[in-house]
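Asks: give the three-dimensional model of this entry:
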Amino acid sequence: LFSIRAPLTMFSLGSLSLLAAARAHYIRVPSLTQLGVVRWASKKAGGSSRNGRKTAGKRLGLKCGDGQHVIPGNIIVRQRGTVFYPGANVCMSRDHTLHSMVEGHVKFTKVARKPLPPQKGRKWIKKPWRKFVNVVEIPVTQKFVLTNVLKPQTLQSMV
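Replies: Here you go, the predicted structure:
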C-alpha cells in the first residue's frame, strides 16, 4: 500500500531504513480512491438546464383547400413570408396572411416566372414559378326575396 518516494541515492546508500525514510517524510500516503473508498454526490450538481425554451406552435399553413367554399374575410393561408401570393379576389395582410375578399371557391394556380437575365455566377433560378391563391366568385343568379303571402284579413283572424 505504501510506496517510497525518495531519491535513488537514498537506496544506494543502504544506511537509511524504511523507518528513517518515514521520518524524513519520504513515504507517500495513498489517497482514498486508491484504498477503494469513494464518496458519491448526495445532491445533483446545480448546473444550468438546457430545457424549457419550447414555444407554442403558430398554427401556420393552409386553412382552406382547393375547391373549398369561402366567404369574405375567411383566412385561406397563414404563412411567414410569401410562400403563396394573392391572386384574384384575395388580399394579403401585414403578416402575409391571405384572406378571401368575395364569396366563392378557392383555386390554387402555379405561374411560371420570367427568367432573369444571365449574370456572373447565376446558373439557374431558384424558384421558376410562383404559387397563387385565387377565389372564383360564384355568380348570383337568383336572390331570395321574402314576400308576404298571407293576406291581412287572415292575420287578424289568427289573433
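Asks: just after the helix or strand hosting residue 76, pick out the following helix or strand.
Replies: For residue 76, the host element (DSSP states H and E) is strand 75-78. Going down the chain from strand 75-78, the next helix or strand is strand 84-86, by DSSP H and E.
Asks: contacts for that following strand next, please.
Replies: 77, 92, 98, 108, 130, 131, 132, 133 (Cβ atoms under 8 Å, 6 or more residues apart in numbering). Where C-beta positions appear, they are placed from N, C-alpha and C, glycine not excepted.
Asks: in strands, which of the residues you listed fall?
Replies: Using DSSP state E to define strands, the subset of the contacts of strand 84-86 located there is 77, 92, 98, 108, 130, 131, 132, 133.
Asks: got the residues you listed as TSV, with pLDDT and neighbour count columns?
Replies: Shown next, in TSV, are those (pLDDT from 0 to 100; neighbours: other Cβ atoms under 10 Å):
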residue	pLDDT	neighbour count
77	98	23
92	97	16
98	98	27
108	98	17
130	94	15
131	96	15
132	97	17
133	98	24
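Asks: one step back: what two of the contacts of strand 84-86 are the furthest from one another?
Replies: 92 and 108 (15.2 Å; Cβ to Cβ).
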